[in-house]
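Chemist: output the structure for:
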Amino acid sequence: MKKEVLIEKGAVGSRLLAFLLDLLSTILGTIVLYFVIVYGVFATGFNYVGRNNNLKATNTSYKLDYKYGQSYTKYEEVIQEFYFVHFKDNILADYKNDGKDYSIEYIYNVLVLNLPSNPSSTNYQTSLFKYQQADDGSFDVDRLAVQVEGNGQYFERNLMDLFYGKYQDLWKYIYKYDVNYRNDYDMVVLSKKISRVVAFSISSFVFFGVFPLVNKNGSTIFEKKKKLGYVNSNDLFEIKPYKNILRPFIYFTLPAIGIYFFSKYTVILLSVLPIFINFIFIFLSKDNKDIYERIARTKSISLEESKILKNEEEFKEFAAKEEIENEEYLKTLENVKNANIERKDV
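Modeler: Residues are numbered from 1 along each chain as shown. Reported below is the predicted structural model:
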């Protein structure tokens, strides 16, 4: 009677599907935990809700709650109020401290309307605006700029985009010159950052660390459903518990940094890219190992088709019981995947 002792690697398709489902569970868990932390911990201890409401009230009072798509004149009016009414003295003082004796009209024309600082008769022809020209041919940068003649809706859309872009940056003046607003803003942003990272860290550690530690053979929830597990790649024995704990750190340290900064570039670079590289490793590498398997020196296996033993002593007991004749295999387990071990009929 023939007895086979094999270590068969898990199917690539099953591994990828299990990883995606576990990753989706991690994301959903992160979202839930994020709101629990923000509206529980930070709302109680750091007045997150009150500070956030203060920011919204301030933005509303300065008319910074317009959405995209309004008439460009609405954005223009608010911008002019910021430059010529609300923060005129502060802006001028900043420039004077830098040794620049500019008028507010000059600053507005150059910074908001993007007019050239040294106008001439040739450098405004393709602009939406131009400086007014005096009778002697000179240009007065302190005089209000006028629109270059446009052609209907396309021109209006350009104006709306230009003013909306500048309109979105106006909160920076409030942040710079209003201490209360700045304190509330910093605490709200910090609360969100910490909540995102803590929520993601807990969720990823539970799904990729705790469950593999509890489940036999290092399987996550969906790996267990797909009957996938892990063994040491060098001796093909059962993996040690610490290798399960390493897994979330290997997969998600860089994504956690990206989530903390939460700009589209850092999220793509530090979150999407490592996961994408992980898939590339599985697909294109000869042994189909991902990043975790390479760093932790583990090997994905099929639990249905593999015989997993804890250590060499356990293997010897198993071998003696089964009357295995292959002494070399018994000692080293090398090439165990290809070994057919026979038990003689008694």
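Chemist: which ones are touching Phe208?
Modeler: Asp22, Thr26, Thr220, Arg247, Pro248, Tyr251, Phe252 (CB atoms under 8 Å, 6 or more residues apart in numbering). Bear in mind the C-beta positions are built from the backbone N, C-alpha and C, glycine included.
Chemist: the third one - nearest residue in space that isn't next to it in sequence?
Modeler: So the one you mean is Thr220. Asp22 (4.6 Å; CB to CB, 6 or more residues apart in numbering).
Chemist: need the contact list for that neighbour.
Modeler: Phe207, Phe208, Thr220, Ile221, Phe222, Glu223.
Chemist: show me which of these is closest to Ala199.
Modeler: Among those, Phe207 lies closest to Ala199 (CB to CB), at 12.5 Å.
Chemist: gap between the closest one and Ala296?
Modeler: Phe207 is 17 Å from Ala296, where distance means CB to CB, to the nearest Å.
Chemist: these two: who's more crowded?
Modeler: Phe207 (26 against 22; other CB atoms under 10 Å).
Chemist: now do the contacts for that one.
Modeler: Asp22, Ser25, Thr26, Gly29, Thr220, Ile221, Pro248.
Chemist: count of residues packed around the nearest residue to it once chain neighbours are set aside?
Modeler: Nearest residue to Phe207, sequence neighbours excluded (CB to CB, 6+ apart): Thr26, at 4.7 Å. Using other CB under 10 Å, Thr26 has 23 neighbouring residues.
Chemist: can you check Val231 too?
Modeler: Val231, neighbours per other CB under 10 Å, totals 22.
Chemist: and Gly218, by the same measure?
Modeler: 27.
Chemist: hang on, isn't it packed against Tyr230?
Modeler: Yes - with contact defined as CB atoms under 8 Å, Gly218 reaches Tyr230; the gap is 4.0 Å.
Chemist: between the two, what contacts are shared?
Modeler: Common neighbours of Gly218 and Tyr230 (CB under 8 Å, 6+ apart) are Ile239, Lys243, Thr298.
Chemist: with neighbour count as added columns, please give those residues in TSV.
Modeler: Below are these laid out as TSV (neighbours: other CB atoms under 10 Å):
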residue	neighbour count
Ile239	21
Lys243	20
Thr298	24
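Chemist: just the ones of those residues in helices?
Modeler: In helices, judged by DSSP state H, the following of these are found: Lys243.
Chemist: of the shared contacts of Gly218 and Tyr230, just say which sits nearest to Lys193.
Modeler: Lys243 (30.3 Å).
Chemist: and the closest one, what does it touch?
Modeler: Contacts for Lys243 (CB under 8 Å, 6+ apart) come out as Gly218, Tyr230, Ala296, Thr298.
Chemist: can we see that at 6 Å?
Modeler: Lys243 sits next to Ala296 when contact means CB atoms under 6 Å, 6 or more residues apart in numbering.
Chemist: confirm Val231 sits in a strand?
Modeler: Yes - checked against DSSP: H, G, I helix; E, B strand; the rest coil, Val231 lies within a strand.
Chemist: my read: it touches Lys299, true?
Modeler: Yes - taking contacts as CB atoms under 6 Å, Val231 lies within contact range of Lys299: 5.4 Å.
Chemist: send the alpha carbons of stretch 166-175 over as CSV?
Modeler: Written as CSV, here are the backbone C-alpha positions of stretch 166-175 (Å, rounded to 0.1, in the frame of the first residue of the first chain):
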residue,chain,number,x,y,z
LYS,A,166,-7.6,80.7,-6.1
TYR,A,167,-10.8,80.6,-4.0
GLN,A,168,-9.9,77.1,-2.7
ASP,A,169,-6.6,78.5,-1.3
LEU,A,170,-8.2,81.3,0.7
TRP,A,171,-8.5,79.2,3.9
LYS,A,172,-4.7,79.5,4.2
TYR,A,173,-5.1,83.2,5.1
ILE,A,174,-7.5,82.3,7.9
TYR,A,175,-5.1,79.6,9.1
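Chemist: now the contacts of Phe207 as JSON lines including distance to Asp178?
Modeler: Shown next, in JSON lines, are these (distance: CB to CB, whole Å):
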{"residue": "Asp22", "distance to Asp178": "45"}
{"residue": "Ser25", "distance to Asp178": "42"}
{"residue": "Thr26", "distance to Asp178": "39"}
{"residue": "Gly29", "distance to Asp178": "37"}
{"residue": "Thr220", "distance to Asp178": "48"}
{"residue": "Ile221", "distance to Asp178": "48"}
{"residue": "Pro248", "distance to Asp178": "41"}
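Chemist: can I have the buried ones of the residues you listed as a ChimeraX selection?
Modeler: For the buried members of the contacts of Phe207, the matching ChimeraX selection, counting by 16 or more other CB atoms under 10 Å, is:
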select :22,25,26,29,220,221,248
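Chemist: Lys56 and Ile295, how far apart?
Modeler: 45 Å.
Chemist: would you map the helices across the stretch 51-200 of the chain?
Modeler: 72-81, 88-97, 104-107, 153-168, 171-177, 179-205 (DSSP state H, counting those that start in this stretch).
Chemist: appreciated, that's everything.
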